[in-house]
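1. after the sequence you'll find the predicted model.
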Amino acid sequence: MTRILKLYSNGEWVDSSNPIKQDILNPANQEIIAKAPEATKEETEEAIKAAKSVFESGIWSECTPLERANVLLQIADMMEDNMNELVALEVENNGKTKREAESDASDAADAFRYYAGLLSNTSGQTYEASYDLQTMIIKEPMGVAGLIVPWNFPLLMSVWKIAPALAAGNSIILKPAEITPMTAVKLFELMDQTDLPKGVAHLLMGSGSIVGQTISESNDVDVVSFTGSTEVGRNIMQAATGNLKKISLELGGKSPNIIFEDADFDTAVDHALFGIFMGSGQVCTSGSRILVQEGIYEEFIKKYVEIVKGINVGPGNDENSEMGAIVSEKHMESILEYIRIGKEEGARLAFGGNRIVQDGMEKGFFIEPTVFADVTSDMRIVKEEIFGPVVVIQKFKDEAEAIKLANDTEFGLAGAVFSSDQNKAMRVIKKVRAGITWVNTYHLTNVQAPWGGYKHSGIGRSLGTYGLDEYQETKQINISM
Ligand code: TAP
């Protein structure tokens, strides 16, 4: 039976007054798994007001750090106790593989533990500004935090925002992507069973143009944290001007993966595969532009394609699947359109390029892992974020050209260098204008490290102590003595 989802507002699961419901699909077979409410502007405003009033009551914002840490640990425990269900829901709703969903869910529980740990540590600053003036710097919660997340990591992106926002003592409104609400609903069901006071956390499903826009424009929202497209990020920045709310934006990327001739060949090939095909390429930090030094260029393509041919694409719940489905038909069509454009632009299609419709996969949204070689910097497939399993491979001559090509993009989210010369690798990675970078590996990161981009890839940082700062005000108190 199809599940009917509800909004979670002011500590209650409630129906929306809007009769329109969104079908929530399994992208591996188009089965309807649930019907989700579409919150109205009025319902969004009511939730914001309730969140504000609970914030002002001090029931959460004035808890001791240790009390808040205990609640975060309860949420982490609940997630771990319900890991299998969280994983199954993510696979069913997003299309990613079980292995990927397991890693997301475990990282998400860890993020709650990490922020609980930060709260358990004392921190702060006090100094003597002059003989008779003592200055103290303190951090305070901001108020209501609007958290808007995309469909590619529905659970992990929600938690990367919820955990620090709650740790800081804010009230929160979470808006999941319209098409992937399932794990957010489960997470709120779990949070509802903890000691988190009612009314601190609200879950509003609905469209970006109504719920997202209302959150971004509201004068009662003090901070908006958004992950998604650069276009919507710009929109949010404009909408936020009303009350000059703080914003953090984690946007798109077109990240370079630079492979020098002196790199360990097999390691470079292996990580360049993982760099783009993890999450079917629907990952903001994907290494979607591989830059290979001329001496190994043809050999690299040959080996790369040989392995790509063997990637097992299939439903996420099949243990043998190495790459899952594309999240929606609309997004699949957009990726296929880019593949068409790439062919038209004259890039060499070294492998893939088609929707997969055989072996009982005809109802799912599956695309072959796709490799374009011999691309040039002016091509749209090199410049624009495709956000799918499509990689472009470009040749470079020397270090200077590698850096030039790597930075020849409006984005600046991620980048990697592969070389056995540590000095050269460090020299080059420091020149790459991006916030998340790797040497001789790809995608590996941790909850302590700041996550975010340069240039059109965003503003602000998630995770680590930096992530907590995004949800805090900083105050100086000067004490005359
Ligand atoms: P977006 O349209 O940016 O959606 C991200 C989130 O913002 C969703 O919750 C969306 O709601 C909401 N949103 C949409 N319009 C809004 C508005 N005017 N005000 C406030 N919130 C709004 O991304 P998408 O459609 O999911 O994907 C489009 C492209 O974005 C992708 O192809 C990819 O290039 C990029 N993208 C990047 C990332 C990361 S991690 N950087 C993640 C996802 C997508 P709805 O779901 O209701 O539209």
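-> Alright, I've got the coordinates. None of these values were measured; they are calculated from a predicted model.
2. and for the closest residue to the ligand within the stretch 1-150 of the chain, the neighbour number?
-> In the stretch 1-150 of the chain, the residue that lies nearest the ligand is Pro150 (3.2 Å; C-beta to the nearest ligand atom). For glycine as for every other residue, the C-beta is placed from the backbone atoms N, C-alpha and C. Using other C-beta atoms under 10 Å, the number of residues around Pro150 comes to 23.
3. ok but it is inside a helix, no?
-> No. With the criterion set as DSSP: H, G, I helix; E, B strand; the rest coil, the secondary structure at Pro150 is coil rather than a helix.
4. how near is it to Tyr454?
-> Pro150 sits 20 Å away from Tyr454, going by C-beta to C-beta, to the nearest Å.
5. what helix or strand does the residue in the stretch 351-481 of the chain that the ligand sits nearest to sit in?
-> When C-beta to the nearest ligand atom is the measure, the stretch 351-481 of the chain has its nearest residue to the ligand at Phe387, with 3.8 Å between them. Following DSSP states H and E, one finds Phe387 outside all helices and strands.
6. backbone dihedrals for the nearest residue to it once chain neighbours are set aside, please?
-> Using C-beta to C-beta, 6 or more residues apart in numbering and skipping residues adjacent in sequence, the residue nearest Phe387 is Gln282, 5.4 Å away. Its backbone dihedrals place Gln282 at phi -90, psi 60, with angles given as degrees, to the nearest 10.
7. with Asn354 instead?
-> Dihedral angles for Asn354 - degrees, to the nearest 10 - are phi -120, psi 160.
8. I'd guessed it sits against Glu368; true?
-> Yes. Contact between Asn354 and Glu368 holds when scored by C-beta atoms under 8 Å: they sit 5.3 Å apart.
9. so for those two, which residue has more residues nearby?
-> Set side by side, Asn354 and Glu368 give different neighbour counts by other C-beta under 10 Å, the larger being at Glu368 (19 against 11).
10. quick check: nearest residue in space to that one, chain neighbours excluded?
-> Here the nearest residue to Glu368 in space, its sequence neighbours aside, is Gly352; by C-beta to C-beta, 6+ apart that works out to 3.6 Å.
11. the one you found contacts Thr370, doesn't it?
-> Yes. In this structure Gly352 lies within contact range of Thr370 using C-beta under 8 Å: 3.4 Å.
12. what sits in contact with each of those two?
-> 339, 389-390 (C-beta atoms under 8 Å, 6 or more residues apart in numbering).
13. okay, those residues in TSV with pLDDT, distance to the ligand and secondary structure next?
-> Formatted as TSV, the shared contacts of Gly352 and Thr370 follow (pLDDT from 0 to 100; distance: C-beta to the nearest ligand atom, whole Å; DSSP: H, G, I helix; E, B strand; the rest coil):
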residue	pLDDT	distance to the ligand	secondary structure
Ile339	98	14	helix
Pro389	98	13	coil
Val390	98	12	strand
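14. who wins on neighbours among those residues?
-> Neighbour tally across the shared contacts of Gly352 and Thr370 (other C-beta under 10 Å): the maximum, 29 neighbours, falls on Pro389.
15. what residues are up against that one?
-> Residues touching Pro389, when contacts are defined by C-beta under 8 Å, 6+ apart, comprise 276-277, 280-281, 323, 335, 352, 367-370.
16. before we move on, back to that, contact partners for the residue of the stretch 351-481 of the chain closest to the ligand?
-> Residues counted as contacts of Phe387 (C-beta under 8 Å, 6+ apart) are 152, 252, 281-282, 286, 331, 334-335.
17. out of those, which one has the weakest pLDDT?
-> When the contacts of Phe387 are sorted by pLDDT, the bottom entry is Gly252 at 94.
18. quick check: that residue is in a helix.
-> No. Looking at Gly252 with three-state DSSP, it is coil, so not inside a helix.
19. and the stretch 1-150 of the chain, which residues reach the ligand?
-> 148-150 (C-beta under 6 Å from any ligand atom).
20. need those in a markdown table with pLDDT and distance to Met205, can you?
-> Rendered in a markdown table, the data for those read as follows (pLDDT from 0 to 100; distance: C-beta to C-beta, whole Å):
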| residue | pLDDT | distance to Met205 |
| --- | --- | --- |
| Ile148 | 98 | 12 |
| Val149 | 98 | 11 |
| Pro150 | 98 | 14 |
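21. for the ligand, what's its nearest residue on the stretch 251-400 of the chain.
-> With distances taken as C-beta to the nearest ligand atom, the stretch 251-400 of the chain approaches the ligand most closely at Cys284, which sits 3.2 Å away.
22. residue contacts, the nearest residue to that residue once chain neighbours are set aside?
-> Counting by C-beta to C-beta, 6+ apart, Cys284 lies nearest to Gly253, which is 5.2 Å off, once chain neighbours are set aside. Taking C-beta under 8 Å, 6+ apart, we find Gly253 in contact with 284-286, 288, 385, 411-414, 434, 453, 457.
23. just the ones of the residues you listed in helices?
-> Per DSSP state H, helices hold no members of the contacts of Gly253.
24. among the residues you listed, which one has the most neighbours?
-> When neighbours are counted as other C-beta under 10 Å, the busiest of the contacts of Gly253 turns out to be Ser286, with 32 neighbours.
25. buried stuff in stretch 369-386?
-> Judged by neighbour count (16 or more other C-beta atoms under 10 Å), stretch 369-386 contains these buried residues: 369-373, 375, 379, 381-382, 384-386.
26. can you give me the end-to-end span of it?
-> When the termini of stretch 369-386 are compared using C-alpha to C-alpha, to the nearest Å, they are 13 Å apart.
27. quick one: average pLDDT of that stretch?
-> pLDDT averaged over stretch 369-386 equals 98, rounded to a whole number.
28. that older thread, who touches the residue of the stretch 1-150 of the chain closest to the ligand in this structure?
-> 157, 177, 227-229.
29. out of those, which touch the ligand?
-> With the criterion set as C-beta under 6 Å from any ligand atom, the members of the contacts of Pro150 near the ligand are 177, 227-229.
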